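Enquirer: only the shape, not the letters, is given here:
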């Protein structure tokens, strides 16, 4: 299982377009941005597809908009991870902020994990649309009950004030038109500002991806060099590969690599002392 994946793993070099294509094809969705998966429901359904019957889909809210509702989805996901003994930390505080890079990294890990189960083969009997319809039933039923009570109260109030509404109908229509025009102007400004912000974000992401690919290529060259038959067992190559293949950010790999080099130097000095002196 791909529960532990190092930062140099190829999983983290899958682009956002490939991730979106993978999600849309598997779950029959139409996501156009990575941030659209930040509510956590997509991740829950991916686990539901990979491990049928493990995810309580009735607890998953596919209409989550607030951070509170998103957190509830991630709680469901964490419970599934615990049940499957998946050792993966979910940084909920970052994911619910809908930041593209944080969500992309988590989805890259998720794709690698799902691909590692049954060779990434899709369950042909899985119906993602039907399974989604089971999501949030309890929540929806409670919400609809509250809405029906609210509608009943509004109907009672409106029945007693019908005559007054007729007198103010004309003036109300004019006011609505004025408000509508003002709202339309404000919306245009907001749309223009948001469009510019999205363009700037896409540019930033493209620059970051190019920079990432540049440094990855360098690290890959170092890895290939360390794997050559002449250097494969050299202490320096072993120390470098120790750093490259670390899977835990908290692991003291640098000190371990330095210890490998120190032992090599010490052994070399010892071998030198054992050599006989030539007279």
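Expert: Structure received. Values in this document were obtained by computation on a predicted structure and should not be read as measured data. Numbering: from 1, shown residues only.
Enquirer: ranges for the helices of the stretch 1-150 of the chain?
Expert: For the stretch 1-150 of the chain, applying DSSP state H, counting those that start in this stretch gives helices covering 16-27, 41-50, 67-84, 92-95, 100-116, 128-132, 137-160.
Enquirer: any chance of those helices in a markdown table with distance to residue 234 as columns?
Expert: C-beta coordinates here come from the backbone N, C-alpha and C atoms, glycine included. Shown next, in a markdown table, are the helices of the stretch 1-150 of the chain (distance: least, Cβ to Cβ, whole Å):
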| stretch | distance to residue 234 |
| --- | --- |
| helix 16-27 | 36 |
| helix 41-50 | 41 |
| helix 67-84 | 40 |
| helix 92-95 | 40 |
| helix 100-116 | 31 |
| helix 128-132 | 51 |
| helix 137-160 | 60 |
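Enquirer: need those helices in JSON lines (columns: mean pLDDT, distance to residue 261 and mean neighbour count).
Expert: Below are the helices of the stretch 1-150 of the chain laid out as JSON lines (pLDDT from 0 to 100; distance: least, Cβ to Cβ, whole Å; neighbours: other Cβ atoms under 10 Å):
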{"stretch": "helix 16-27", "mean pLDDT": "94", "distance to residue 261": "39", "mean neighbour count": "16"}
{"stretch": "helix 41-50", "mean pLDDT": "96", "distance to residue 261": "42", "mean neighbour count": "23"}
{"stretch": "helix 67-84", "mean pLDDT": "96", "distance to residue 261": "38", "mean neighbour count": "17"}
{"stretch": "helix 92-95", "mean pLDDT": "94", "distance to residue 261": "36", "mean neighbour count": "17"}
{"stretch": "helix 100-116", "mean pLDDT": "92", "distance to residue 261": "32", "mean neighbour count": "19"}
{"stretch": "helix 128-132", "mean pLDDT": "92", "distance to residue 261": "52", "mean neighbour count": "14"}
{"stretch": "helix 137-160", "mean pLDDT": "46", "distance to residue 261": "58", "mean neighbour count": "10"}
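Enquirer: so which of those comes closest to residue 215?
Expert: Among the helices of the stretch 1-150 of the chain, the nearest to residue 215 by Cβ to Cβ is helix 100-116 (15.3 Å).
Enquirer: and the contacts of the closest one?
Expert: 1-3, 5, 9, 11-12, 14, 16, 19, 22-23, 33-35, 37-38, 43, 46-47, 49-50, 86, 88, 90-91, 94-95, 120, 201, 205, 208 (Cβ atoms under 8 Å, 6 or more residues apart in numbering).
Enquirer: centroid residue for this protein?
Expert: Centroid-nearest residue in the chain, with Cα atoms, centre = their mean: residue 103, separated by 3.0 Å.
Enquirer: look up how far residue 262 lies from residue 78.
Expert: Going from residue 78 to residue 262 by Cβ to Cβ, to the nearest Å gives 41 Å.
Enquirer: wait, residue 261 touches residue 239, no?
Expert: Yes: with contacts counted by Cβ atoms under 8 Å, residue 261 reaches residue 239, the gap being 5.4 Å.
Enquirer: ok, now how distant is the residue nearest to residue 13 when sequence neighbours are not counted from residue 17?
Expert: Distances taken as Cβ to Cβ, 6 or more residues apart in numbering put residue 216 closest to residue 13, at 6.1 Å, once the chain neighbours are dropped. Residue 216 is 17 Å from residue 17, where distance means Cβ to Cβ.
Enquirer: what about the helices in the stretch 151-279 of the chain?
Expert: 162-167, 169-226, 235-244, 253-274.
Enquirer: who wins for proximity to residue 54 among those helices?
Expert: Across the helices of the stretch 151-279 of the chain, closest to residue 54 is helix 169-226 (Cβ to Cβ), at 32.9 Å.
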